[in-house]
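A.B. asks: my questions are about this predicted structure, shown below with the sequence.
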Amino acid sequence: MLIPVSPSTVSINNDPLLQLYSRGSRQHFFQTSELMYLQGDGNYTWLHWVNRPSIIMPKTLKQLAGLLPAGKFIRVHRNSIVNCQYVERLERLKAGLGTIHLVNGSALPVSRRRWEAISELLDHAETSTK
């Protein structure tokens, strides 16, 4: 399931910006290309970046998913969204479970329900880049 596009996403040089607020009304803009994956933790979400420390935001994963650019992020589990450009490989485990491995060594679970769509999408992305 790809993340739908949000009209509020600002774009500079074809790299959309993610606008986040922290401590009051302070605004911070981050390049979405630097966002490796998001992990939901109740009413909070951890944002894991390529070249900066992870941060936690007081928003649900669903709320932040609406701010992400279309076609670049994929929901792999009920608690995680991954940036497709940082996927290293998919691994099928027993009983239909799966794991997605990222280039930084992180491994996240893939739900059984989403496995087929994710593997087809990533296979299609690999063949189109070759």
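C.D. replies: That came in fine, so what should we check first? Numbering: from 1, shown residues only.
A.B. asks: can you give me the helices in this protein?
C.D. replies: Assigned by DSSP state H, the chain shows helices spanning 61-65, 115-129.
A.B. asks: so for the last one, what's the average pLDDT?
C.D. replies: Confidence for helix 115-129, expressed as mean pLDDT, is 75.
A.B. asks: do the same with stretch 52-61
C.D. replies: Rounded mean pLDDT across stretch 52-61 is 91.
A.B. asks: and the helices of the chain, which is most packed in?
C.D. replies: Highest mean neighbour count among the helices of the chain (mean count of other Cβ atoms under 10 Å): helix 61-65, with a mean of 17. Bear in mind the C-beta positions are built from the backbone N, C-alpha and C, glycine included.
A.B. asks: identify the residue nearest the geometric centre of this structure.
C.D. replies: Centroid-nearest residue in the chain, with Cα atoms, centre = their mean: residue 82, separated by 2.8 Å.
A.B. asks: per-residue confidence at the spatially closest residue to that one that is not a sequence neighbour?
C.D. replies: Closest residue to residue 82 apart from its sequence neighbours, by Cβ to Cβ, 6 or more residues apart in numbering: residue 37 at 4.6 Å. On pLDDT, residue 37 comes in at 96.
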